[in-house]
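K.L.:
Here is the input, now give the coordinates:
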Amino acid sequence: MGKIVKYKLNGVEREAEEGRLVIDAAKDAGVEIPHYCYHPALGNPGNCRMCIIEVAGAPKPQVSCRTGVREGMVVSSDSEAAKRAQASALELHLVNHPLDCPVCDQSGECGLQDYYMKIGQYQSEVREDKEHKDKRIVAGPHVMLDQERCILCTRCTRFVDDVTKTHELGIFGMGHAEKIALAPGMTLDNAYSGNVVDICPVGALTDRDFRYKVRVWYLDKTDSICPGCARGCNISVHTNTARPWHNDGKRVARLKPRVNRDVNGYWMCDEGRYGFGSLDADRLGKVLRLQPARTELSWEAVAAEVAGVLKNAGDGLAVVASGMLSNEDWAAYQALFVDTLKVKRHYFASEPDQVGVEDELLRKKDKVPNLKGAQALGLESGSFDELAKNLESGTVKTLYVVERDLTKVYGDRARVLMAKAGTTILQGPNKYSLGDCFTYRLPATAYVEEDGHFTNFEGKIQAYQKALAPIGDSRPDWAIFGLLQKALSGAKTSGAVA
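P.N.:
Predicted coordinates for the structure are as follows:
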């Protein structure tokens, strides 16, 4: 940190690092200066002219996103001159802006609406005939563009130029005809395209997956961690439960990035952003014994039966797990399968079902959030080729699968391999393709239905919070392991289902 200087902001003496932008120093002090074009990760072009301040001794108002703090500076962001300049800049942004707030998907989180109520509410001095531009342009698989709503803050073009370096968007035309548009022959389909919706301060860029699903003021927001890869991006889960008839009945409406400069900065990838579709699909909610006949059981009853199976299995027990498990789950896993049952065969490495594309920005090749949590406990995974050989040879008598779809590992062979084991147990939130072939099904909560911690690829331990109530009788994985651990103390070595 550089030299700390004293300055005055709106009559109050403050301290800040010398040269720090006034707009950032003011935010540090809890004072919001209105702005559109400025973004901490995208620079300060100063083209929106909204962040006007009055600086004592300066011949004219200054833009706070291009003015640095200096010793003895006296700054006013709420003086009559500053507020008048801010309101005038706002009116210019609204000159050609359509009055379609009731049908705009940005309504409720729009910078134009917010600032009009705070610093606007002026008597308009412009005519109502507006410059019309193209609307509802499909910019890419996830983004819709409305040129009429754009205020030319250039955040989106700077994002695709400076962050993704894919250059799909540009500014075309001059004067009132100037507009944001797709570069000729291009589509906004880079791996981070959804971020342009986040940074757009108005309704010019909207999310095609979210449009008209649910109004934002009906959403509940919970801090969480993206489970899409080993990066562990900080996110906010936006849920819709008060009005289940909205959002096609889905409880999660969207995921948004949260700022964490040490992990994901301001961004998240599209894989993580749109990867929540399975949260409510084919969910397990009942505790079941499926073989020899489908029977619904209590947790206590199934714990007693499964504990007997595990105790009888001896060296014939193999456990398939997933990097989706939290640190709490892995600790309970270790206590049950390693410390108590002395299991030798553990399989949780990222095979083809959990490996994907990696890039230099955020995405990591391991498409699960917490393999590091298992490694931190000293757990080691065998190869899935080894598991297949053990199943083929009949060495594995009992197969316990936790949050893993074996068809994504073995393809069409999965059903045949699984049939080689005498008793099979599926524990997890989803049914998966072979869900009906298991002996037992134990419903577990999804990450949005529990509190927990993930350890990312750099070893950072990050907390995620419960956003939704569990479905049916599902319980966290650690609670299921704990229940089995308790039942093992009374489990018999005969009479168990084999």
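
K.L.:
can you give me the helices in the stretch 301-450 of the chain?
P.N.:
All helices of the stretch 301-450 of the chain, identified by DSSP state H, counting those that start in this stretch, fall at 327-333, 371-376, 384-393, 407-410, 413-419.

K.L.:
and of these, who's closest to Thr439?
P.N.:
For the helices of the stretch 301-450 of the chain, the distance to Thr439 is smallest for helix 413-419, at 10.2 Å, taking CB to CB. C-beta coordinates here come from the backbone N, C-alpha and C atoms, glycine included.

K.L.:
Can you point out the buried residues in the closest one?
P.N.:
For helix 413-419, a neighbour-count test (16 or more other CB atoms under 10 Å) marks Ala414, Leu417, Met418 as buried.

K.L.:
nearest to Ile23, of the helices of the stretch 301-450 of the chain?
P.N.:
Among the helices of the stretch 301-450 of the chain, helix 371-376 sits nearest to Ile23 (CB to CB), with 37.4 Å.

K.L.:
Any idea how many residues pack against Tyr218?
P.N.:
By other CB atoms under 10 Å, the residues close to Tyr218 number 16.

K.L.:
Correction: the previous question concerned Ala191.
P.N.:
Neighbours of Ala191 (other CB under 10 Å): 15.

K.L.:
Regarding Gly46, what is its secondary structure?
P.N.:
Classification of Gly46 using DSSP: H, G, I helix; E, B strand; the rest coil returns coil.

K.L.:
SS state for the closest residue to Phe159 other than its chain neighbours?
P.N.:
What sits nearest to Phe159 in space, not counting adjacent residues and going by CB to CB, 6 or more residues apart in numbering, is Val196, at 5.7 Å. Following three-state DSSP, we place Val196 in the helix state.

K.L.:
Val196 is in contact with Val160, isn't it?
P.N.:
Yes. Taking contacts as CB atoms under 8 Å, Val196 lies within contact range of Val160: 7.3 Å.

K.L.:
More neighbours: those two, which one.
P.N.:
Neighbours per residue, other CB under 10 Å: of Val196 and Val160, the larger number sits with Val196, 28 against 22.

K.L.:
What count of nearby residues applies to Val319?
P.N.:
24.

K.L.:
Test my guess that it contacts Arg404.
P.N.:
No. Look at Val319 against Arg404 with CB under 8 Å: they stay out of range, at 10.1 Å.

K.L.:
Need the buried residues of helix 413-419 in TSV (columns: pLDDT).
P.N.:
What follows is the buried residues of helix 413-419, written out as TSV (pLDDT from 0 to 100):
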residue	pLDDT
Ala414	95
Leu417	95
Met418	93
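
K.L.:
ok, so of those residues, who is nearest Ala81?
P.N.:
Checking the buried residues of helix 413-419 one by one against Ala81 (CB to CB), the nearest turns out to be Ala414, at 71.3 Å.

K.L.:
OK, contacts around that closest one?
P.N.:
Leu406, Thr407, Ser433, Leu434 (CB atoms under 8 Å, 6 or more residues apart in numbering).

K.L.:
Closest one to Ser298 out of those residues, please.
P.N.:
Of the contacts of Ala414, the one sitting nearest to Ser298 (CB to CB) turns out to be Leu434, at 24.6 Å.

K.L.:
if I look at that closest one, how far off is Ala414?
P.N.:
Noted for Leu434: a distance of 6 Å to Ala414, by CB to CB, to the nearest Å.

K.L.:
tell me, what's touching these two both at once?
P.N.:
Shared contacts of Leu434 and Ala414, counting by CB under 8 Å, 6+ apart, come down to Leu406, Thr407.

K.L.:
And Arg14, its phi and psi?
P.N.:
The phi/psi pair for Arg14 (degrees, to the nearest 10) reads phi -130, psi 170.

K.L.:
picking up where we left off before, name the residues contacting each of Val196 and Val160.
P.N.:
Jointly contacting Val196 and Val160 under the rule CB under 8 Å, 6+ apart are Leu169, Leu188.

K.L.:
Run a quick check on Lys466 versus Glu449, I expect a contact.
P.N.:
Yes. Applying CB under 8 Å, one finds Lys466 in contact with Glu449, separated by 6.2 Å.

K.L.:
and stretch 345-355, C-alpha only, in CSV?
P.N.:
C-alpha atoms of stretch 345-355 as CSV (Å, rounded to 0.1, in the frame of the first residue of the first chain):
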residue,chain,number,x,y,z
ARG,A,345,-10.8,-50.0,-2.5
HIS,A,346,-11.7,-46.3,-3.0
TYR,A,347,-12.5,-44.7,-6.3
PHE,A,348,-13.1,-41.0,-6.6
ALA,A,349,-10.6,-39.7,-9.1
SER,A,350,-11.8,-37.5,-12.0
GLU,A,351,-12.3,-40.0,-14.8
PRO,A,352,-13.9,-39.0,-18.1
ASP,A,353,-17.2,-38.1,-16.4
GLN,A,354,-15.6,-35.4,-14.3
VAL,A,355,-12.8,-34.0,-16.6
